[in-house]
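Participant: The following block contains a protein sequence and its predicted model.
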Amino acid sequence: MHQGSCLCGKVRYMYSGEIDEVSMCHCKQCQKAHGSTFVAVAPIRSADLHITQGGEYLKEYRATPNKARVFCGECGSPLYSARDDLPEAKRLRLGTLDTPIAPGELYHAWVSSKAEWFVLDDKLPRFPQFKPLH
């Protein structure tokens, strides 16, 4: 069981599934949305994510037509994204977790868009865009 919250603590959630895969997304939208060089996200099952407090504070922004970026309307913390054509899945923003995780798979995505001044010096797999499906 994982727990998480936004910066101001008004929104809290529980996630009862596993977090096995983590991607560091370097796309320009993630850079803008998070004010950082990349964001760590994990694919999760929508049915296993439960907002336990502050659902009324959730707001969404659509930078692209088919995808909602969901955040706390009070403090602005990004919580997850959800695609209209994939309702069974969300992409959790891992900086909001309050519990530790030990993912088995970590990688960089969208390195073709990474900040030119940021140096990737780890040995994690890198993908120019999305990680290819198996």
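Facilitator: Cool, got the structure. Numbers count the residues shown, from 1 in each chain.
Participant: Please give me every residue in contact with the residue lying closest to Gln29 once chain neighbours are set aside.
Facilitator: Excluding its sequence neighbours, the residue lying closest to Gln29 (C-beta to C-beta, 6 or more residues apart in numbering) is Ala63, at 5.4 Å. Every residue, glycine included, has its C-beta placed from N, CA and C. By C-beta atoms under 8 Å, 6 or more residues apart in numbering, the contact set of Ala63 is 29, 32-33, 69.
Participant: what's the answer for Val111, then?
Facilitator: Val111 makes contact with 26, 120, 126-128, according to C-beta under 8 Å, 6+ apart.
Participant: try 10 Å
Facilitator: 24-27, 38, 118, 120, 125-129 (C-beta atoms under 10 Å, 6 or more residues apart in numbering).
Participant: Quick one: buried ones out of those?
Facilitator: 24-27, 38, 126 (16 or more other C-beta atoms under 10 Å).
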